[in-house]
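Novice: okay, here's the prediction I keep looking at, along with the sequence it came from:
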Amino acid sequence: MVEFLESLRAPQCRRIVESLLEESLNLDSLVRKSKLSKGSVELHLQPLLKSKIVSRKKSGSTFILTLNKTLFRKNVQWFIGISDQI
């Protein structure tokens, strides 16, 4: 849970997650969709990859980035569960 929260600390990381909600993307498409620079995307992908919120798979000569929706939902469900107690 701590890695999950830490990986979403930066607004750029959250923008990357939002960009990957609908579909998996390669790096160039993610740069265009997120409207972040390539360097910023590469930098802010690191905590997302480390926390496993985003996975990277090689496809030919490029990598495809995918949001781990199962892990994301699991963490969101925890927040929903405790918010029902407030």
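Specialist: Noted; the coordinates are in hand.

Novice: strands of this structure, start to end?
Specialist: Assigned strands in the chain, in chain order: 25-26, 54-59, 62-67 (criterion: DSSP state E).

Novice: average pLDDT for the first one?
Specialist: For strand 25-26, mean pLDDT is 98.

Novice: quick one: residues in contact with it.
Specialist: 19, 33, 59, 62-65 (CB atoms under 8 Å, 6 or more residues apart in numbering). The way it works is simple: take the backbone N, C-alpha and C, and place the C-beta from them, glycine included.

Novice: and what of the second one?
Specialist: With CB under 8 Å, 6+ apart as the contact definition, strand 54-59 has outside contacts at 16-17, 20, 26, 45, 48-49, 63-68.

Novice: residues contacting residue 9?
Specialist: Residue 9 neighbours (CB under 8 Å, 6+ apart): residue 47.

Novice: and it, backbone torsions?
Specialist: Per-residue torsions, residue 9: phi -60, psi -40 (degrees, to the nearest 10).

Novice: quick one, the lengthiest helix in the chain and strand 54-59 angle?
Specialist: Counting by DSSP state H, the longest helix found in the chain is helix 69-83. Helix 69-83 runs at 170 degrees relative to strand 54-59, counting by axes from the mean of the first three to the mean of the last three CA atoms, to 10 degrees.

Novice: which one of the contacts of strand 25-26 is nearest to residue 11?
Specialist: The closest of these to residue 11 turns out to be residue 19 (CB to CB; 12.5 Å).

Novice: isn't that closest one up against residue 33?
Specialist: Yes - using CB atoms under 8 Å, residue 19 is in contact with residue 33, at 4.4 Å.

Novice: who has more neighbours, the two?
Specialist: In this view residue 19 and residue 33 are compared by other CB atoms under 10 Å, and residue 19 has more residues nearby, 21 against 17.
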